[in-house]
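In: need a structure here:
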Amino acid sequence: MNANSKPWYQPWSEEQFRACIDVQTMLPVQRWMYRTLCQSAFVESTRPYLPDDDSQLWKMAGCENQKQWNQYKHEVRAAFIPLEINGQKLLSRGRIVKDWDRLTERREALKEFGRKGGKAKKAKSSEEPESEPAPKRSHSEVIKESKVEYSKVKYSAKPKLSIVQAKAKPKLTDNSSEKPTQTKPSFSSDDMTLTTAETVADFIAIPDNTSLEEIVSIVSDGEYSTNLLDRYNHQDQLKRACLQAVREKATSAFVGKETCADIMGRAMEILSVTFGIDTPKPWLRVMKDLRTKKGPATSLKSREEILKHMSSQVLTDPGSALHFFENELKSFRSLLVATANTRGIPDCWRDAVQFLDEVVRQNPNAQLSGLLSVRDKIQARLAPAA
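Out: Below is the predicted model:
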C-alpha cells in the first residue's frame with residue numbers, strides 16, 4: 001500500500017456508531033475493541049480492510065493479550081465480512097470501504113479541478129489582487145442580516161399551534177379581495193414532478209477536520225480553483241467561515257449552484273465581520289458565476305441519488321454483505337435493488353438479515369424460498385459459538 005494513499009482524515013459519526021445494532025449488542029470491552037479496529041482499518045497496510053488474522057487483530061484492537069481477544073472476539077468479528085483479495089484473507093466493513101472510496105474520489109476530483117482550473121485561469125489570476133473586498137455595506141447592515149440568518153436557523157422548525165391558533169382563520173389585508181398567500185409545493189428542476197425539498201444538510205456534510213481545499217471545492221461546486229489558496233494568508237479563518245456558513249444554511253432548501261453561491265456569500269460576510277479580512281481571489285467572481293449559471297450542482301449528490309446509484313451494486317459491491325451470496329440471490333436482484341433504493345446496501349451480517357426481512361415484508365406474495373434460505377445461512381453466522 002503506497003504511503004501517498006494515506007487518508008487526510010477518517011470520517012466518523014459517533015451518532016451512527018452508537019445507533020448501529022452491532023454496537024448496541026456488544027459488551028463495553030467489545031465496543032472499544034470494535035471502535036479501535038474500525039479506526040485501524042484506515043491506517044493499516046491493508047487499508048481500508050483488516051487482515052483476517054487473530055495474531056494481528058488482537059494487537060490492532062488494543063487488547064492486553066491474545067487471550068483477552070479470544071474471550072470477546074466473536075461479537076466483534078461478526079461486525080465484519082471476510083473476503084479474499086489477491087489471495088490475501090481480509091475483513092471488510094462496508095461503511096468504512098464506502099468512506100474510503102468517497103475520500104479517494106474526492107482527492108482525485110480535487111487534483112483534476114486544480115489542474116484544469118490552474119491552466120484555464122493562470123493568465124487572468126496573475127493580474128488580480130491577492131484578495132478582493134466584499135461589496136461595500138455598512139456594518140449595521142451586515143450585522144442585521146447575520147441576525148436574520150441566525151434566526152432562520154434557530155427557528156426553522158415549524159412551531160406547534162395552540163387549539164385557538166389552529167382554529168383561527170387567517171386575516172385578510174386591507175384589500176378585502178386579496179387572499180392569504182399559500183405555500184407552493186416545490187418541483188424538481190429535471191422532471192417537474194412534485195417533490196419534497198431537500199436541504200443543504202442532505203447534500204453537504206463537512207467534518208471539522210476536512211482540509212480547506214476540499215471544503216472550498218465542495219461549497220463552490222468545484223468552480224473555485226483550489227490551487228489559488230496557496231497564496232492566501234488567512235486559510236484558517238476562511239475554513240472556519242465556510243464551516244459556519246454551511247452550519248447556518250443546513251436547514252435551507254438546496255437548489256443547486258445558487259445555494260452554493262449563497263454559502264460562499266455568507267462565508268464572505270462572516271470573514272469580513274468576524275475577522276475583518278477579505279476573501280481570496282477570485283471568490284466574488286466565482287460566487288457571481290454560480291448565481292448566473294444556476295441549475296443543479298454538478299459535483300454534489302443527495303443521499304437519495306447516492307442510494308439509487310449504489311443500489312444496483314447490492315450483489316456486486318465488495319462491501320455488500322450479500323456479495324458472497326450473489327449466485328444464490330441473482331433471481332431476486334430486482335427486489336433487492338428496490339429495497340436498497342431506500343435502505344442502502346447492507347454492510348454486515350446483521351444488516352443483511354434485517355435487509356432480507358424487509359424484502360420479505362415488501363413482497364408478501366412472491367416466492368422467496370431461495371432468499372429465505374440465504375437469510376437463514378447468514379443468521380446462523382450470528383449464532384454464538386458452542
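
In: What residues sit buried inside stretch 67-74?
Out: Using 16 or more other Cβ atoms under 10 Å as the test for burial, stretch 67-74 gives W69, Y72, K73. The way it works is simple: take the backbone N, C-alpha and C, and place the C-beta from them, glycine included.

In: Out of the residues you listed, which comes closest to C63?
Out: Using Cβ to Cβ, W69 comes nearest to C63 of those, at 4.5 Å.

In: how about the closest one, phi and psi?
Out: phi -60, psi -50 (degrees, to the nearest 10).

In: which non-adjacent residue is nearest it?
Out: Spatial nearest neighbour of W69, chain neighbours left out: W58 (3.4 Å); criterion: Cβ to Cβ, 6 or more residues apart in numbering.

In: Could you report the distance from the one you found to N70?
Out: 8 Å (Cβ to Cβ, to the nearest Å).

In: again with E214
Out: From E214 to N70 the distance is 41 Å (Cβ to Cβ).

In: ranges for the strands of the stretch 251-386 of the chain?
Out: 279-280 (DSSP state E, counting those that start in this stretch).

In: Can you pull the poorly scored residue ranges out of it?
Out: Within the stretch 251-386 of the chain, the segments meeting pLDDT under 70 span 299-307, 383-386.

In: mind checking the end-to-end distance for stretch 329-347?
Out: Stretch 329-347 has its terminal residues 16 Å apart, counting by Cα to Cα, to the nearest Å.

In: cool, stretch 225-234 as well?
Out: 17 Å.

In: check contacts around the residue nearest to W69.
Out: Counting by Cβ atoms under 8 Å, 6 or more residues apart in numbering, W58 touches N65, Q66, Q68, W69, N70, K73.

In: Touching, A261 and R291? I think so.
Out: Yes: A261 is within contact range of R291, at 4.5 Å (criterion: Cβ atoms under 8 Å).

In: Between those two, tell me which one has more neighbours.
Out: A261 (23 against 14; other Cβ atoms under 10 Å).

In: How much space separates the more buried one from I277?
Out: Distance from A261 to I277, by Cβ to Cβ: 20 Å.

In: How about V76?
Out: Using Cβ to Cβ, V76 is found at 49 Å from I277.

In: Those two: who's more crowded?
Out: Of the pair V76 and I277, V76 is the one with more neighbours under other Cβ under 10 Å, namely 24 against 16.

In: is it true that the more buried one touches W32?
Out: No: the pair V76 / W32 is not scored as a contact, 10.0 Å apart, by Cβ under 8 Å.

In: Turn the buried residues of stretch 67-74 into a markdown table, including distance to W100 and pLDDT.
Out: Converted to a markdown table, the buried residues of stretch 67-74 look like this (distance: Cβ to Cβ, whole Å; pLDDT from 0 to 100):
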| residue | distance to W100 | pLDDT |
| --- | --- | --- |
| W69 | 25 | 93 |
| Y72 | 26 | 90 |
| K73 | 24 | 91 |
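
In: now those as TSV including distance to D357?
Out: Output for those, formatted as TSV (distance: Cβ to Cβ, whole Å):
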residue	distance to D357
W69	31
Y72	27
K73	27
